[in-house]
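Student: Sequence and predicted structure below; questions after.
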Amino acid sequence: MHDTRYSQLTCSQEKAVFHTEGPLLVLAGPGSGKTRVITYRIAALIDSGVRPYNICAITFTNKAADEMRQRAAALGASAGAHISTFHSLCVRILRRYAAQAGISSNFSVYDESDQSRCIKQAVKDSELDSTNFPPARMLEAISALKNNLVDVEAFEAEAEDFFSKTLARIYARYQQILNKHSALDFDDLLMKTAFLLRSHPAVCSELGDRFKFLLIDEYQDTNHAQYKIAKSLVSQHNNICATGDPDQSIYRWRGADIRNILAFEKDWPDATIVKLEENFRSTANILQAADNLIAFNQKRKEKKLVPTKPPGKDVAIKVFDDELEEAEAVARQVTELAEQGASLKSMAVFYRVNAMSRVLEEVFIQNRIPYQIVRGVEFYSRKEIRDLLAYLKVLANPSDEIALLRIINTPARGIGKTTIDKIRDYAARNHITLIEGLGRAAQIDSLSKASKARIAVFADMLNQFNKDITGQVAPLAERVFVESGLAESLRAEDTKEKGTLENVNELINAAARYDQQAEEPSLPDYLQQIALFSDADAYDASSDRVPLMTLHAAKGLEFGNVFIVGLEDGLLPHERSTNNEDELEEERRLLFVGITRAKAGLYISYARYRTVRGQMLRTIPSQFLYELGIEFGERCDENQYHHEDDDEDRQTPGEFVTGQLVRHKSFGVGTVKEFVDMGENSIVVVKFKTGQTKSLVVKYAGLSKV
DNA sequence: CATAGCCGCCTTTTT
DNA sequence: GGCGGCTATG
């Protein structure tokens, strides 16, 4: 009955695609085609007569949204369905219903560095010391509150102890500052949308009419705010389709609540659940390793990964002396695979932290292997780009003081700190914004005549720009770049290596592309869009270079051959994520995600020494290595450099040797896998008969030799 | 008021 | 090892 477009779907996939009555949850493991189910479902809905306009699909990144749009188009699903991330959807809703949401529609979206400035100001305004109240910590706490839809009033009401009360003060002040700047941070986008839908039934029902079908991919990584938004949007019709895999939840630290997917059936009691257990991506050997690993997570619904492919190659676990050797081995293997005919884009290297890309990059350059670092925000954090964007931000939203302060003396035009302080002071006393203060500079007595003149020139320039800020973005950007003096000041110090001018050109080109693609190009829309740009969005799958990325950025992707480096205790699992069992389990899921990206080849490695902050340190193998159920040689190979202290390890009387049987009072009997001599702080890694592997500090562990 | 140089602080993952 | 902020100097 269905046409050939759907003929390659499996039975369960077909069920999910064509299910049209009520709520639907697709519980699916890695490589089972869940994103594909959503794409096909969009096409199937349209086939059945649903207008594309009435469909809303939520993806995890903008990149994923782009891809889904293309794939849906290839299936003949006509354009018009709304496909975007949660954050982009919220921007659209908030702009459309700005009045009801109590904000202005040209709001700025503040990124991490903007937020950081605001929070520092808030801590200072609250007359608190930033050593006792570190801004980053405060921001983290506020973010968590917003993700849980706790606004300032609610938090003030519940805050009882000293810390909470202080935090409440900072939170209140922080929101005041954002308000004054007409700015929303990432979390505000969600919180304000959730509140808008909650308190304006008319808006809620209008959107419910508009989006008659809501589809959400990667549902395991939604937070409470996103859950509430979804719930509101479908409250009239319950046409929600969510897909996800609890084992791939890796954003708990950002507020993702795994209970959303686990409790789906409670939220929608008449939900249909479709399970997709077959894996069409990886070889059986790779899946076995993934399965062995994830089985160590206690808080988990057991789920089998069913391979559809033959065993394939063995998973390789390699030990290297240091990170340089590790990187060189990756490069060698990449070259070898390439010689065997694999394309560079079919491989990928994953690591836990961005800083680890450095060595890899150097080695890849040396070996002339084309690569791409998947870091989208990098481009937008360059000074010259931020400077030009700051001009545009001020034009779009004159209240944006962060942007204004950035450009007021960039390039240098003789308006220094003293002058700015005087204007800020005046503005504060008269309850006007900084930009209004600039307009009234002539009336500020403390300013010198020369300063007043310079301010007048600057204010005049902004007014000139303001005359045509409607319509296309690229021409305006170009004009601002030249007339602001930025172009000239950059030209003076630009070199071929720095390529600052080239970067600005690229920005203007990107703006031109936006102008062509957007239905209704506008400056605020453009700025709001690029603020939501993420690392993963920078991944160019079509260019034949080896992508290097964090494990987080690898989500949703797949490659023929995958390298995962730095399987060391403190790095993966990361030391900042080992405070409790939940965090450790998330680290394990992170590695699980990395492993299951691989189709045919998987190369896992660790270095016995790693340079951290300029210091070469002895490492401990990650406990996850032992959990993969793969034998690997832990001592260094014959041909590798032999470190003297290894011999000391073995000779120190009373200490432990690899292979030694030991007994622990609660874990029982186990085998010593690694001994790290650090005097009285020595650490021993033991694999216990229970299957667990633990890193123990010798002096506390109370181990007895068997 | 601009600039250079130094000190001290932080350093996971990201929409 | 990198950046932001502060200070000293021109």
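Tutor: In hand now; what should we look at?
Student: From now on I want contacts and neighbour counts done on CA atoms only, so please keep to that.
Tutor: Noted.
Student: Where in chain A is the helix or strand with the lowest mean pLDDT?
Tutor: Lowest by mean pLDDT, DSSP states H and E among the helices and strands of chain A is helix A:644-651, with a mean of 35.
Student: Can you classify the nearest residue to A:Phe592 once chain neighbours are set aside as helix, strand or coil?
Tutor: Computed as CA to CA, 6 or more residues apart in numbering, the closest residue to A:Phe592 that is not its neighbour in sequence is A:Ala290, at 5.7 Å. Of the three states, A:Ala290 takes helix under DSSP: H, G, I helix; E, B strand; the rest coil.
Student: hmm, the top strand by length along chain A touching DNA strand C?
Tutor: Counting residues, the longest strand found in chain A (DSSP state E) is strand A:598-612. No: using CA under 7 Å from any atom of the strand, we find that strand A:598-612 stays clear of DNA strand C, coming within 8.0 Å at best.
Student: Spell out which helix or strand contains A:Met616, please.
Tutor: Assessed by DSSP states H and E, A:Met616 sits inside strand A:615-618.
Student: Mind giving me the packing neighbours of whatever helix or strand comes next after that strand?
Tutor: Going down the chain from strand A:615-618, the next helix or strand is helix A:623-627, by DSSP H and E. Using 3 or more CA pairs under 8 Å, 6 or more residues apart in numbering; DSSP states H and E as the contact test, the elements touching helix A:623-627 are helix A:284-294, strand A:693-697.
Student: so whichever residue of the stretch 351-500 of chain A sits closest to DNA strand C, which of the three states?
Tutor: At 7.5 Å from DNA strand C, A:Arg358 is the closest residue in the stretch 351-500 of chain A, using CA to the nearest atom of the strand. Three-state call for A:Arg358 (three-state DSSP): helix.
Student: How many residues are close by it?
Tutor: For A:Arg358, the neighbour count with other CA atoms under 10 Å is 12.
Student: how close does it get to A:Thr596?
Tutor: Using CA to CA, to the nearest Å, A:Arg358 is found at 25 Å from A:Thr596.
Student: Then A:Pro521?
Tutor: Going from A:Pro521 to A:Thr596 by CA to CA gives 40 Å.
Student: Between those two, tell me which one has more neighbours.
Tutor: A:Thr596 (28 against 18).
Student: For the more buried one, give me its contacts.
Tutor: With contacts taken as CA atoms under 8 Å, 6 or more residues apart in numbering, A:Thr596 has the following neighbours: A:30-31, A:282, A:286-287, A:290, A:558.
Student: Now render these as a markdown table, adding neighbour count and pLDDT.
Tutor: Below are these laid out as a markdown table (neighbours: other CA atoms under 10 Å; pLDDT from 0 to 100):
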| residue | neighbour count | pLDDT |
| --- | --- | --- |
| A:Pro30 | 27 | 94 |
| A:Gly31 | 23 | 92 |
| A:Ser282 | 28 | 95 |
| A:Ile286 | 26 | 96 |
| A:Leu287 | 26 | 95 |
| A:Ala290 | 23 | 95 |
| A:Glu558 | 21 | 95 |
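Student: With respect to DNA strand C, which of those is nearest?
Tutor: A:Glu558 (30.3 Å).
Student: I'd guessed the closest one sits against A:Ala598; true?
Tutor: Yes: using CA atoms under 8 Å, A:Glu558 is in contact with A:Ala598, at 6.0 Å.
Student: if I look at those two, which residues touch both of them?
Tutor: With CA under 8 Å, 6+ apart, A:Glu558 and A:Ala598 have common neighbours A:Arg281.
Student: Now A:Ala242: which helix or strand?
Tutor: Assigned by DSSP H and E, A:Ala242 falls in strand A:240-244.
Student: With only the CA atoms kept, save that strand in CSV.
Tutor: C-alpha atoms of strand A:240-244 as CSV (Å, rounded to 0.1, in the frame of the first residue of the first chain):
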residue,chain,number,x,y,z
ILE,A,240,3.6,14.0,20.2
CYS,A,241,6.2,11.7,18.9
ALA,A,242,9.4,11.4,20.8
THR,A,243,12.4,9.3,20.0
GLY,A,244,15.4,8.7,22.2
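Student: So which bits of the stretch 251-400 of chain A are right by DNA strand B?
Tutor: A:251, A:253-254, A:352-355.
Student: Which residue does the stretch 551-700 of chain A have closest to DNA strand B?
Tutor: A:Arg576 (4.3 Å).
Student: Grab the nearest non-local neighbour of that residue.
Tutor: A:Gly570 (7.7 Å).
Student: Which strand residues bridge A:Val672?
Tutor: Counting by DSSP bridges, A:Val672 forms beta bridges with A:Val686.
Student: burial measure for it, as a count.
Tutor: So A:Val672, with other CA under 10 Å, has 21 neighbours.
Student: Nearest to DNA strand B within the stretch 451-600 of chain A, name that residue for me.
Tutor: Counting by CA to the nearest atom of the strand, the stretch 451-600 of chain A gets nearest DNA strand B through A:Ser534, at 2.9 Å.
Student: how many neighbours does that residue have?
Tutor: 18.
Student: returning to that earlier point: same for the strand holding A:Met616, what does it pack against?
Tutor: Short answer (3+ CA pairs under 8 Å, 6+ apart): strand A:615-618 packs on strand A:598-612.
Student: what angle separates the strand it packs on from helix A:284-294?
Tutor: Angle between the axes of strand A:598-612 and helix A:284-294 is 50 degrees (criterion: axes from the mean of the first three to the mean of the last three CA atoms, to 10 degrees).
Student: strands paired with strand A:598-612, and their directions?
Tutor: Paired strands of strand A:598-612, with direction, are strand A:316-322 (parallel), strand A:559-564 (parallel), strand A:615-618 (antiparallel) (DSSP bridges).
Student: so what pLDDT did A:Tyr227 get?
Tutor: Here, the pLDDT recorded for A:Tyr227 equals 96.
Student: any idea how far A:Ala329 is from the nearest residue to A:Asp400 once chain neighbours are set aside?
Tutor: Ranked by CA to CA, 6+ apart and with sequence neighbours excluded, the top spatial neighbour of A:Asp400 is A:His181, at 4.5 Å. Using CA to CA, we find A:His181 at a distance of 51 Å from A:Ala329.
Student: between the two, which one's more packed in?
Tutor: When A:His181 and A:Ala329 are compared for neighbours, A:His181 comes out ahead with 22 against 16, by other CA under 10 Å.
Student: Tell me the pLDDT of the more buried one.
Tutor: A:His181 is assigned a predicted lDDT (pLDDT) of 91.
Student: what's the helix or strand harbouring A:Leu490 packed up against?
Tutor: Using DSSP H and E, A:Leu490 maps to helix A:486-493. Packing partners of helix A:486-493 (3+ CA pairs under 8 Å, 6+ apart): helix A:500-517.
Student: Any residue of the next helix-or-strand element following the helix it packs on touching DNA strand B?
Tutor: Sequence-wise, the next helix or strand downstream of helix A:500-517 (DSSP H and E) is helix A:523-531. No: if you take CA under 7 Å from any atom of the strand as the test, helix A:523-531 misses DNA strand B, and the best it gets is 8.4 Å.
Student: Now do helix A:523-531: everything it contacts.
Tutor: So helix A:523-531 is contacted by A:88, A:91, A:106-111, A:392-393, A:396-397, A:469-473, A:511, A:514 (CA under 8 Å, 6+ apart).
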